[in-house]
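Chemist: sequence and predicted structure, then a few things I'm wondering about:
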Amino acid sequence: MRALYATDLSAASEAAIENETCLECLERIGIETIHLVTVVPSNVHAGMPGMDLEGRRQRALERYQSVMEAAGFAVETHVVRGTPHRRINGNAGTVGADLTIAGSRGKSPLENRIIGSTTRKLARTTVVPLLITRIERETDEPDLRRAHLFRRTLYATDFSENAERAFEAFSSLRHAAESATLVHVKSPKDTDATAADADEPAAKLAELAARLEEWDIETEIDVRQGDPADEIVAAEDEFDATTILLGSRGRSRLRRLLLGSVSETVIARAAGNVYLVPPPRSA
């Protein structure tokens, strides 16, 4: 498998790239080749003479490359210019990436709802699975909030086609997962459902759990009621999940570009990592 790793060469990005546990998790799910990409925005220039920004950028990439190669990955580096999320998505397609990885600085002090614009736009437009790694905020030496990326995976489903597609990611994630929690959130409008209808979500989750337990993943199910995003984030905290796995479009009729509000809210508010699976390219 190939991964495209987007880096802005910040201290937070460096912390994620040099985290041995994180790299081991990527190796466990089958990543063999990593394309390190940094995007220079079109409106950013080289700067004053003598600053050697290009040289510093290349040296940083070479340092990251050495770390990843020492961990056993084949690594290629790319410096491109343009709009970050467009160039990242474009490069992911060009190199045939199976996964795009990007960092986010965790919860924002602004009502815990704001994420970086590049991460938000990547989530809205990615055509390959996207792993958003959560980095500590408000520290000079940041680190990953959940370095064991997939050890405790929280899978959120509305039983839509794309949620089922997200579940298939366990075929590779299982090599790094020890436990999983499968969550479905019922709408408050479901209060008038019959007893049979009320039991249906639990039965569906149980079927999925049985599949994971065949892979020796300790699994539990959780059916909740309320606002989906609120309940998914609450479940992440309750089960101390390291990564939330979900599809980027469920039953919403909005265009893919407008990313379902549940997915976007979860990405913005999650304490840990988020693994987002988009619809097929033809959707």
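Modeler: Yep, it's here. Numbers count the residues shown, from 1 in each chain.
Chemist: tell me who's in contact with the spatially most central residue of the chain.
Modeler: Centroid check for the chain by Cα atoms, centre = their mean gives Leu131 as the closest residue, at 2.4 Å. Counting by Cβ atoms under 8 Å, 6 or more residues apart in numbering, Leu131 touches Leu99, Thr100, Ile101, Ala102, Leu149, Thr243, Asn273, Val274, Tyr275, Leu276. The C-beta positions use only the backbone N, C-alpha and C, and glycine is treated the same way.
Chemist: again, only this time at 6 Å
Modeler: Neighbouring residues of Leu131 by Cβ atoms under 6 Å, 6 or more residues apart in numbering: Ile101, Tyr275.
Chemist: any idea which element it lies in?
Modeler: Taking DSSP states H and E as the criterion, Leu131 maps to strand 130-134.
Chemist: now swap in Val79 and tell me
Modeler: strand 74-81.
Chemist: any idea of the angle the very next helix or strand once past that strand forms with strand 74-81?
Modeler: If you walk from strand 74-81 toward the C-terminus, the next helix or strand you reach (DSSP H and E) is helix 84-94. For helix 84-94 against strand 74-81, the angle by axes from the mean of the first three to the mean of the last three Cα atoms, to 10 degrees is 140 degrees.
Chemist: and the next element down the chain from helix 84-94?
Modeler: strand 99-104.
Chemist: ok and the next helix-or-strand element following that next one relative to strand 99-104, angle-wise?
Modeler: For strand 99-104, the succeeding helix or strand toward the C-terminus, using DSSP H and E, is helix 117-125. Relative orientation of helix 117-125 and strand 99-104, computed by the same axes, to 10 degrees: 140 degrees.
Chemist: avg pLDDT for helix 117-125?
Modeler: Averaged across helix 117-125, the pLDDT comes to 82.
Chemist: for this structure, name the helix or strand with the lowest mean pLDDT.
Modeler: Using mean pLDDT, DSSP states H and E, helix 11-17 stands out as the lowest-scoring helix or strand of the chain, at a mean of 75.
Chemist: show the average pLDDT along whichever helix or strand comes after that one.
Modeler: Next helix or strand after helix 11-17 toward the C-terminus (DSSP H and E): helix 20-28. When pLDDT is averaged along helix 20-28, the result is 88.
Chemist: what residues does helix 20-28 touch?
Modeler: So helix 20-28 is contacted by Ala71, Leu144, Ala147, His148, Leu149, Phe150, His175, Ala176 (Cβ under 6 Å, 6+ apart).
Chemist: let's see 10 Å
Modeler: Helix 20-28 has contacts (Cβ atoms under 10 Å, 6 or more residues apart in numbering) with 1, 3, 5, 15-17, 19, 31-32, 34, 67-68, 70-73, 99, 101, 131, 133, 143-144, 146-151, 172-177, 242-243, 273.
Chemist: residues in contact with Ser66?
Modeler: Val75.
Chemist: buried residues of the helix or strand containing it, list them for me.
Modeler: Using DSSP H and E, the element containing Ser66 is helix 53-70. Using 16 or more other Cβ atoms under 10 Å as the burial criterion, the residues of helix 53-70 that qualify are Arg57, Ala60, Leu61, Tyr64, Gln65, Val67, Met68.
Chemist: lowest-confidence entry in the residues you listed?
Modeler: Within these, lowest confidence goes to Arg57 (79).
Chemist: let me see the contact set for that residue.
Modeler: Leu9, Thr38, Val40, Ala46, Thr77, Val79.
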